[in-house]
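> show me how the following folds:
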Amino acid sequence: MKPTSPLPLVAVLVFTCGWVLPLQAAGPADAKQSGSGAVERLVDAPQPKPYYAWPSSPPAGCPFAKSDTLVGIAFTGRHAEYTGADTWYPSWAADGNLYSPWTDGNVNGLGSGSGGENATTGHATILGDDPLHLVVTNQGVFKSSPRPYEGRYPCGSLVYDGVWYYGTYCLHPSGSVTHEGALYNWPWLGPFVGFRWSADFGKTWTQTPCTPEKPLFGEHALKGEPVKISAPHFVDFGRNMEHSPDGKAYLVAQGSSDGGNRRFAYNSWITADDVYLIRVTPSIANMNDASKYEFFAGHDAQGNPVWTGDFQKIRPVAEWRDHMGCVTMTYNPGLKKYLMCVTDGGTTVSRYNTYVLESDRVTGPWKLVTHMSNFGEQAYFVNLPSKFINKDDGRGLWLCYAANFSSGWGGTTFKSQPPGSRYGMCLQEIRLLKPGEDASPDLLHSPANIARTAEVTVSSTHPDYSAGGAVDGVVGGYPDHIEREWASRGERDTAMIRLTWPAPQTINRVLLFDRPNDLDQVTSGMLIFSDGSTISTGALPDNAQKGLEVSFVPKTVQWLIFAVNRTKPGTQNIGLSEIAVFAVQP
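Residues are numbered from 1 along each chain as shown. This next block holds a predicted model:
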């Protein structure tokens, strides 16, 4: 959320139009018409569900058939965020702790940055069994030169039998590149260098014998050439690799094989065409010896996987030209499934799409669980830590990711969607849906509610409250979940909230819910629209048990304001529990 800023007098509102999910009205007698021709009525607040499915919207040409056993991902709304750094790939060690790389930010006051001659990569221990109450500690950094490249970043990380293997890869030519008038972040994927290792959980390290000039698999990309194994990530087989099918460590990596006549940044840290699979028996002697690795080389005539020691014979385990990107994989023992998380990074600084694939075998074939457009809205380094998989049925998990690193670049601002998405280590509780399981969105969570896609600014915010709470799709707040509402800081008839969209929207209905307490209440307000029109509103029902629905002739606007005109005597911090705006559908 951007810092709060003063606004003209405004009020919070919710619009609905076109096809709409039905709201239960309090009754025809409660409907009344304002002087502006708008119609008001009271509606019941939707009852929250335990989880809501993220809409799956794969683009045309998706090569993966839909899964018939896992049909979507739903979010419970429970989330936690830690640190001010990204690149978190937790590995579950035999001692029960998680160990992870990190970089480009700070952990407990210690900073790391992976660009330039003095590039460093961070490491940390994550303590705790509850994702909502973890402790990140024992942070440290390690310096490794990227030369002749410009960046050297963390990738595959594994703690096995007390040894921590920590991989790094190179990026080029810069973290900020302008090409044909467009901005890019690290558009060229460089080679995977190799693994440093620690036998004391990160207290001391031994550097890899491999270098960026002489990397483990011999690939080079100083001029943007395609690479196959650049940023590999270990398949998460559970605690101390307990579910490895053969005792070997497997790694997945995004890459490309075709570099001719391609778009700029076709093969970057977050964009690719293919996913490749390799395996090795983990040991200090083996990890930096290319001859110890086997490479997936396709399937034979009977559909069995083929493995080879010849790097030149490597073949993708999954492919989707211009739609692959950073990839991770986790084995889910409850479902006996492999889950692959892929992020399609667009232009490297745009909104990102994340999708999840499933298979009974680590080598595929792969089926689509969900394709989440604009997840985050810019989520990346997405993975599923095996430690937090529900042991009963395997359908309860936690997504780990970072988000929105380039918000504000080029004037584009990203929302925290779902709430809790930010730069750092983000954890979101999810559920894998089975066929027939209903996780359809209610009205406030439906795609028609465009309030959730707007940039929100307010006149002020009370400490510990958030302007984003007014557009999170939940009518709630004080006393148990104050993050679910917006409360101003000591304002009454001067409070206002503004919703702004990147492009004009046609709307015809707004829904407003008061704060859910007996003290603060809006008794009148005004909706102000970017087309110059205004609508005066009556009182919002106290306690947010019901909302005020305002319907009007469709308007095409790019922003609207809800300004509070009057409040109930005794009001101290006026605000809104929720505002929803619904666009007219064709």
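> every contact and neighbour count from this point should use C-alpha atoms.
Will do.
> buried residues, the longest strand along the chain. List them.
Longest strand in the chain, counting residues (DSSP state E): strand 546-567. Buried residues in strand 546-567, counted by 16 or more other C-alpha atoms under 10 Å: 546-552, 554-567.
> got it, and stretch 260-278?
265-278.
> pick the one among those closest to residue 198.
residue 278 (22.3 Å; C-alpha to C-alpha).
> what helix or strand is that closest one located in?
In this assignment (DSSP states H and E), residue 278 forms part of strand 272-280.
> hang on, the earlier thing: the longest strand of the chain pairs with which strands?
With DSSP bridges as the test, strand 546-567 is paired with strand 39-44 (antiparallel), strand 496-513 (antiparallel), strand 522-529 (antiparallel).
> make JSON lines out of those strands and add mean pLDDT.
Compiled in JSON lines, these are given as follows (pLDDT from 0 to 100):
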{"stretch": "strand 39-44", "mean pLDDT": "95"}
{"stretch": "strand 496-513", "mean pLDDT": "96"}
{"stretch": "strand 522-529", "mean pLDDT": "98"}
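> need the ones you listed in CSV with distance to residue 73, can you?
Supplementary listing: the strands paired with strand 546-567 in CSV, determined by distance: least, C-alpha to C-alpha, whole Å:
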stretch, distance to residue 73
strand 39-44, 28
strand 496-513, 27
strand 522-529, 36
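> of all those strands, which one is nearest residue 581?
Nearest of the strands paired with strand 546-567 to residue 581, taken as C-alpha to C-alpha: strand 496-513 at 5.2 Å.
> could you dump the closest one to CSV, C-alpha only?
Provided in CSV are the C-alpha atoms of strand 496-513 (Å, rounded to 0.1, in the frame of the first residue of the first chain):
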residue,chain,number,x,y,z
MET,A,496,-12.2,10.1,2.7
ILE,A,497,-11.1,7.1,0.5
ARG,A,498,-10.3,7.1,-3.2
LEU,A,499,-10.2,4.2,-5.6
THR,A,500,-8.3,4.6,-8.8
TRP,A,501,-8.0,2.3,-11.8
PRO,A,502,-5.3,2.2,-14.5
ALA,A,503,-8.0,2.5,-17.2
PRO,A,504,-11.6,3.8,-17.3
GLN,A,505,-14.3,1.5,-15.9
THR,A,506,-18.0,1.5,-16.5
ILE,A,507,-19.9,1.0,-13.2
ASN,A,508,-23.5,1.3,-11.9
ARG,A,509,-23.5,0.1,-8.3
VAL,A,510,-21.6,0.7,-5.1
LEU,A,511,-21.8,-1.1,-1.8
LEU,A,512,-20.6,0.5,1.5
PHE,A,513,-20.2,-1.2,4.9
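> would you mind listing the buried residues in that strand?
Neighbour-count burial for strand 496-513 [16+ other C-alpha under 10 Å]: 496-501, 505-513.
> ok, so of the residues you listed, who is nearest residue 400?
Using C-alpha to C-alpha, the buried residues of strand 496-513 come closest to residue 400 at residue 501, 28.3 Å.
> residues touching that closest one, list them.
Residues near residue 501 by C-alpha atoms under 8 Å, 6 or more residues apart in numbering: 453-455, 558-559.
> and with 10 Å instead?
By C-alpha atoms under 10 Å, 6 or more residues apart in numbering, the contact set of residue 501 is 450-451, 453-456, 557-560.
> farthest pair within those?
Top of the distance list for the contacts of residue 501 (C-alpha to C-alpha): 456 and 557, 15.1 Å.
> following the chain onward from the strand holding residue 278, which element is next?
strand 294-299.
> okay, now the closest residue to residue 564 other than its chain neighbours: neighbour count?
Distances taken as C-alpha to C-alpha, 6 or more residues apart in numbering put residue 525 closest to residue 564, at 4.4 Å, once the chain neighbours are dropped. By other C-alpha atoms under 10 Å, 26 other residues sit near residue 525.
> likewise the one 4 residues further on?
By the measure other C-alpha under 10 Å, the count of residues near residue 529 is 20.
> tell me the bridge partners for it.
residue 560.
> which intervals of this protein have sub-threshold pLDDT?
1-36 (pLDDT under 70).
> please parse it into its domains.
The chain is divided into the following domains under automatic domain parsing: 28-49+442-583, 72-433.
> residue 58: which of those domains is closest?
Per C-alpha to C-alpha, nearest to residue 58 of those: domain 72-433, 5.2 Å.
> quick revisit: going by distance to residue 131, which of the buried residues of stretch 260-278 wins?
residue 270 (26.0 Å).
> surely that closest one is in contact with residue 253?
No: with contact defined as C-alpha atoms under 10 Å, residue 270 does not count as touching residue 253 (11.1 Å).
> mutual contacts of the two, please.
231, 325-327.
> ranking the residues you listed by neighbours, who comes first?
Ranking those using other C-alpha under 10 Å puts residue 325 first, with 33 neighbours.
> so what's that residue up against?
Residue 325 touches 253-256, 266-275, 341-346, 352-354, 380-381, counting by C-alpha under 10 Å, 6+ apart.
> thank you, goodbye.
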